[in-house]
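A.B. asks: build me a structure from this.
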Amino acid sequence: MMRTAAQLRAARGLLDWSQGELADAAGVALSTIRRMEIANGMERATAGNVWKVQRVLEVAGILFIDSNGGGPGVRLRVPIEP
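C.D. replies: Below you'll find the predicted structure:
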């Protein structure tokens, strides 16, 4: 599960998506993305909206990294060659 607003902003940055593009792709309101990206915004988001946003980012190639001594983060998956 996405844990921080910073992870969401970083994931969107790696994909070069605007807040509006992410909202459209996830099927949520732009105001939902804006709220999720502010400090403590993830805590106020519904679980369903968090799931939608995380899922669309993962399908687009984002890997969410748990805090493992270096802090939480995101990475863009390398496409698998056929």
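A.B. asks: show residues contacting the helix or strand bottoming out on mean pLDDT in the chain.
C.D. replies: Across the helices and strands of the chain, the lowest-confidence element by mean pLDDT, DSSP states H and E is helix 41-44, at a mean of 78. Applying CB atoms under 8 Å, 6 or more residues apart in numbering, the set of residues contacting helix 41-44 from outside is Met2, Arg3, Thr4, Ala5, Leu8, Arg34, Arg35, Met36, Val50. Heads up, the C-betas are built off the backbone N, CA and C, glycines and all.
A.B. asks: is it true that the fifth one touches Val53?
C.D. replies: Yes - contact between Leu8 and Val53 holds when scored by CB atoms under 8 Å: they sit 7.0 Å apart.
A.B. asks: same for the helix or strand containing Gln7, what does it pack against?
C.D. replies: Assigned by DSSP states H and E, Gln7 belongs to helix 5-15. Packed against helix 5-15, as judged by 3 or more CB pairs under 8 Å, 6 or more residues apart in numbering; DSSP states H and E, are the following elements: helix 30-36, helix 41-44, helix 47-59, strand 62-65, strand 73-76.
A.B. asks: using CSV, please lay out these together with distance to Gly13 and mean neighbour count.
C.D. replies: Listed next are these as CSV, based on distance: least, CB to CB, whole Å; neighbours: other CB atoms under 10 Å:
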stretch, distance to Gly13, mean neighbour count
helix 30-36, 13, 17
helix 41-44, 16, 14
helix 47-59, 11, 16
strand 62-65, 10, 17
strand 73-76, 9, 16
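A.B. asks: how about these, which one is nearest Leu14?
C.D. replies: Set against Leu14 and scored by CB to CB, the helices and strands packed on helix 5-15 come closest in strand 73-76, at 4.6 Å.
A.B. asks: the closest one packs against which elements?
C.D. replies: For strand 73-76, the helices and strands in contact under the criterion 3+ CB pairs under 8 Å, 6+ apart are helix 5-15, strand 62-65.
A.B. asks: if we can go back for a sec, can I get the helix or strand that comes right after the helix holding Gln7 in CSV? Just the C-alpha atoms.
C.D. replies: On the C-terminal side of helix 5-15, the closest following helix or strand by DSSP H and E is helix 19-26. These are the backbone C-alpha positions of helix 19-26, laid out as CSV (Å, rounded to 0.1, in the frame of the first residue of the first chain):
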residue,chain,number,x,y,z
GLN,A,19,-2.4,15.4,-11.4
GLY,A,20,-5.2,15.5,-13.9
GLU,A,21,-3.8,12.7,-15.9
LEU,A,22,-3.5,10.5,-12.8
ALA,A,23,-7.0,11.4,-11.7
ASP,A,24,-8.4,10.5,-15.1
ALA,A,25,-6.4,7.2,-15.3
ALA,A,26,-7.5,6.2,-11.8
